[in-house]
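Chemist: Model the following, please.
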Amino acid sequence: MLYLLNKLLLLVLYGIAAGSYLTAPPMSPEVIHWVRIVAAVLLFVHLLEVAVCFKKVALHKGPLFDSVLLTLLFGFLHWKPMAEAARRPR
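Modeler: Numbers count the residues shown, from 1 in each chain. This is a model prediction of the structure:
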């Protein structure tokens, strides 16, 4: 449940950042500026995370491209549950 809430918060953050380029949101320009910076930094950190944790990212059952894209968006919120499930004895 915690992973789901954090994923939703990230989607809201990315949505506000992307939407701020299309229309003027009801927030001050300073807030929008910092939302854009936080979103860009998160995407960059998640890009590094894909490179460092590629073996865990590759545990995804679907296409590798999907897993890389989900890791770019959500970081460890995507690959950590898969890595924990792979570690558990069956």
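
Chemist: Can you spell out which helices and strands pack onto the worst-scoring helix or strand of the chain on mean pLDDT?
Modeler: Lowest by mean pLDDT, DSSP states H and E among the helices and strands of the chain is helix 76-87, with a mean of 85. Under the contact definition 3 or more CB pairs under 8 Å, 6 or more residues apart in numbering; DSSP states H and E, helix 76-87 sits against helix 2-19, helix 54-57, helix 64-74. C-beta: built from backbone N, CA, C; applies to glycine.

Chemist: Buried residues in the longest one, which are they?
Modeler: Spelled out, that is helix 2-19. K7, L10, Y14, I16, A17 (16 or more other CB atoms under 10 Å).

Chemist: how far does the longest helix anywhere in the chain sit from the chain's center?
Modeler: Assignment by DSSP state H gives helix 29-52 as the longest helix of the chain. Helix 29-52 has its C-alpha centroid displaced from the chain centroid by 9 Å (CA atoms, centre = their mean, to the nearest Å).

Chemist: Pull out the buried positions in stretch 21-41.
Modeler: I32, V35, R36, A39.

Chemist: should've said stretch 64-81
Modeler: So stretch 64-81, judged by 16+ other CB under 10 Å, has buried residues S67, V68, L70, T71, L72, L73, F74, G75, L77, H78, W79.

Chemist: So for S28, which of the helices and strands packed on helix 76-87 sits nearest?
Modeler: helix 2-19 (12.8 Å; CB to CB).

Chemist: what sits up against that closest one?
Modeler: With contact meaning CB atoms under 8 Å, 6 or more residues apart in numbering, helix 2-19 is reached by 25, 27, 32, 35-36, 38-40, 42, 73-74, 77, 80-81.
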